[in-house]
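S.K.: Build me a model from this:
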Amino acid sequence: MPKPVYQVFIRNIVTNDIFELPFISLAFTEELNKGRDARVSMDFRSAKAIADVYNTDILFLFTSGLRELWIQKHEVKVYIGVISDLAIQKDDKGFLRVDIASVGYLTLFSKRRTSNKRVFTNTDAGQIAKTLIDESQVSDPPYSNLGIIFGSIAPSVNRDRTYRFDNIKDAIIKLSNENLNNGFDFDIDNNKVFNVYYPTKGILKPNIFFDEVNIINYRFRKPLVLSLTNQVYVIGEGFNDAVLFTKRTSPIDYRAVFALLEDVLADRDVKEITTLVDHGDK
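M.R.: Here you go, the predicted model:
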């Protein structure tokens, strides 16, 4: 009998027990420089059958500790993360369903913090991100080790940074192209390898086009005035008259057609003007 196209597995981090989940639906997403997530739904009876094999119940099986979840397509891993939420629902026809939510390993670093003061001076941005992950994973061994290893860390731009109890996930995203002009792209891949790409990940694919004939339905939305800014004040460290800041203004073409639209960005842990410039330009 051929194996199904998609398979879902979970692993007990402590015991290393691995078993396959018979799902009725699944979905997973990945967004560059933002991480990934997944949702898997099961028939309650199928979930209970697995729990019975382990002589336990559904709640203990899925929620009594950290559970790794991955999805395979044609036996190749296309998603990896951990179980973040479990819900049991009964519909109006009496059907019981178990819904499992998962987040990628990047999101787990939203539950990790830097030390009370961690200073980087003129340090490559990718190396800053790598160091934050590395120091977090060795901060409380073996409990702090998530198994993230390091791949290619492409040299990018040197930055100055001071962190105090900062959210590590947010700190890494703030160094990336998601937040800075001249930042980097990054990911934690399906082998739990952290990679940094500079200037960007991947290549341009100009031959990919939108073909409405082959799409059942679609929706187009373009945010306008309240989502636009063409002049921004970017504020760094300091207070009152001693505050570090820069004003960045877009080319005149954008101000001419939409009028002046101003905003303020706060990046209070930054003490170098070049980073404020990159943040404002982004």
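S.K.: from here on, contacts and neighbour counts on C-alpha atoms
M.R.: Fine.
S.K.: For residue 236, grab the count of nearby residues.
M.R.: Neighbour count of residue 236, defined by other Cα atoms under 10 Å: 21.
S.K.: excluding its backbone neighbours, what's nearest it?
M.R.: Closest residue to residue 236 in three dimensions, ignoring its sequence neighbours and counting by Cα to Cα, 6 or more residues apart in numbering: residue 268, at 4.3 Å.
S.K.: can you give me the strands for the stretch 1-150 of the chain?
M.R.: For the stretch 1-150 of the chain, the strands defined by DSSP state E, counting those that start in this stretch occupy 6-12, 18-21, 23-31, 35-43, 67-73, 76-90, 96-103, 118-124, 149-153.
S.K.: Go ahead and name everything in contact with the fourth one.
M.R.: Just to be clear, that refers to strand 35-43. Strand 35-43 has contacts (Cα atoms under 8 Å, 6 or more residues apart in numbering) with 21-30, 81, 96-107, 187-188.
S.K.: Note down every partner strand of it and its orientation.
M.R.: With DSSP bridges as the criterion, the sheet partners recorded for strand 35-43 are strand 23-31 (antiparallel), strand 96-103 (antiparallel).
S.K.: cool, the last one as well?
M.R.: Here strand 149-153 has these sheet partners by DSSP bridges: strand 193-197 (parallel).
S.K.: What lies in contact with the partner strand?
M.R.: Residues from elsewhere that reach strand 193-197, judged by Cα under 8 Å, 6+ apart: 126, 130, 148-154, 184-189.
S.K.: Of those, just the buried ones, ChimeraX syntax please.
M.R.: Restricted to buried positions by 16 or more other Cα atoms under 10 Å, the ChimeraX selection for the contacts of strand 193-197 reads:
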select :126,130,148,153,154,184,185,186,187,188,189
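S.K.: need the contact list for the residue nearest to residue 236.
M.R.: 235-238.
S.K.: ok, the contacts of strand 193-197 vs residue 251, which is closest?
M.R.: Ranked by distance to residue 251 (Cα to Cα), the contacts of strand 193-197 are led by residue 184 at 24.0 Å.
S.K.: Quickly list what the closest one is bridged to.
M.R.: Here residue 184, judged by DSSP bridges, has bridge partners residue 176.
S.K.: Tell me which of the strands paired with strand 35-43 approaches residue 10 most closely.
M.R.: Residue 10 lies closest to strand 96-103 among the strands paired with strand 35-43, at 10.7 Å (Cα to Cα).
S.K.: how near is the spatially most central residue of the chain to residue 113?
M.R.: Closest residue to the average C-alpha location of the chain: residue 35 at 2.1 Å, with Cα atoms, centre = their mean. In this structure, residue 35 lies at 18 Å from residue 113, with Cα to Cα, to the nearest Å as the measure.
S.K.: Columns distance to residue 159 and mean pLDDT on top of the strands of the stretch 1-150 of the chain, output as TSV?
M.R.: As requested, these are arranged in TSV below (distance: least, Cα to Cα, whole Å; pLDDT from 0 to 100):
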stretch	distance to residue 159	mean pLDDT
strand 6-12	38	95
strand 18-21	42	91
strand 23-31	25	95
strand 35-43	23	96
strand 67-73	34	97
strand 76-90	30	96
strand 96-103	29	96
strand 118-124	5	94
strand 149-153	15	98
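S.K.: Can you say which of these is nearest to residue 277?
M.R.: strand 118-124 (16.1 Å).
S.K.: strands paired with the closest one, and their directions?
M.R.: Pairing partners of strand 118-124, with direction, according to DSSP bridges: strand 158-163 (antiparallel).
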